[in-house]
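**Student:** After the sequence you'll find the predicted model.
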Amino acid sequence: GAGVSQSPSNKVTEKGKDVELRCDPISGHTALYWYRQSLGQGLEFLIYFQGNSAPDKSGLPSDRFSAERTGGSVSTLTIQRTQQEDSAVYLCASSLDFNQPQHFGDGTRLSIL
Amino acid sequence: GNSVTQMEGPVTLSEEAFLTINCTYTATGYPSLFWYVQYPGEGLQLLLKATKADDKGSNKGFEATYRKETTSFHLEKGSVQVSDSAVYFCALSDKGNTPLVFGKGTRLSVIA
């Protein structure tokens, strides 16, 4: 069956531009997570959704980052006024419910010039 | 807060060698523990998990035992193959409903 789908797979943009990353979770999965994988930093939790609600936004690194989820399905992560330190692989995962194993997408590699 | 510490890499082994990647954790409750693997150019995949003390997770010849007394979840494989070359991440999820907390990852290279 279809796994977690992320788009675009690669994004190169200039500093100061806004970017929008998309995650399409596995059908029926109620929980959705965003992580960031930076060189030398490992995997860093950003935000999660249970349905359309985001109970924990503590991982978002700054107010330039925001995320939403509509219809309990697709989620978008938006980074405004991108900075070079935003360059990373952004990973999305979904799980059937909150305590179930997470299934990851292949990520979006974001490069800020 | 919760945290995971795993051994620094990279680890380079010859084919058929024994593998151990150490992982220890700090958690306030009784977390579930996971090993994820990331093959070159691919996303993270769940390798194995254990949800309570003394549970052993196993998959593809890899094993890890949840040791509450030492707060550890070391990954082992008796005979590695070149195809095992990847980055391995230890992670925990607190049953209090928090997302995964990952270690920094250990890169394994297996040479023929």
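**Tutor:** Looks like it arrived, so ask away.
**Student:** gap between stretch B:50-63 and the chain center?
**Tutor:** 10 Å (CA atoms, centre = their mean, to the nearest Å).
**Student:** So which residues of chain A form strands?
**Tutor:** In chain A, the strands defined using DSSP state E lie at A:5-7, A:10-13, A:19-24, A:31-38, A:42-50, A:53-56, A:65-69, A:75-79, A:88-95, A:103-104, A:108-112.
**Student:** can you put those strands in JSON lines and add distance to residue B:89 and mean neighbour count?
**Tutor:** Quick note: C-beta positions are derived from backbone N, CA and C, even for glycine. JSON lines is the format used below for these (distance: least, CB to CB, whole Å; neighbours: other CB atoms under 10 Å in any protein chain shown):
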{"stretch": "strand A:5-7", "distance to residue B:89": "18", "mean neighbour count": "17"}
{"stretch": "strand A:10-13", "distance to residue B:89": "22", "mean neighbour count": "14"}
{"stretch": "strand A:19-24", "distance to residue B:89": "19", "mean neighbour count": "18"}
{"stretch": "strand A:31-38", "distance to residue B:89": "10", "mean neighbour count": "22"}
{"stretch": "strand A:42-50", "distance to residue B:89": "6", "mean neighbour count": "20"}
{"stretch": "strand A:53-56", "distance to residue B:89": "20", "mean neighbour count": "14"}
{"stretch": "strand A:65-69", "distance to residue B:89": "22", "mean neighbour count": "18"}
{"stretch": "strand A:75-79", "distance to residue B:89": "21", "mean neighbour count": "20"}
{"stretch": "strand A:88-95", "distance to residue B:89": "11", "mean neighbour count": "24"}
{"stretch": "strand A:103-104", "distance to residue B:89": "10", "mean neighbour count": "21"}
{"stretch": "strand A:108-112", "distance to residue B:89": "18", "mean neighbour count": "18"}
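**Student:** Tabulate the ones you listed (TSV), appending distance to residue B:57 and mean pLDDT.
**Tutor:** Below are the strands of chain A laid out as TSV (distance: least, CB to CB, whole Å; pLDDT from 0 to 100):
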stretch	distance to residue B:57	mean pLDDT
strand A:5-7	27	96
strand A:10-13	33	96
strand A:19-24	27	98
strand A:31-38	21	92
strand A:42-50	19	89
strand A:53-56	26	86
strand A:65-69	30	96
strand A:75-79	29	97
strand A:88-95	17	94
strand A:103-104	17	91
strand A:108-112	29	96
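**Student:** just for chain B, where's the confidence low?
**Tutor:** Along chain B, segments meeting pLDDT under 70 span B:95-98.
**Student:** so residue B:49 sits right up against residue B:31, yeah?
**Tutor:** No: Residue B:49 is beyond contact range of residue B:31, at 10.7 Å (criterion: CB atoms under 8 Å).
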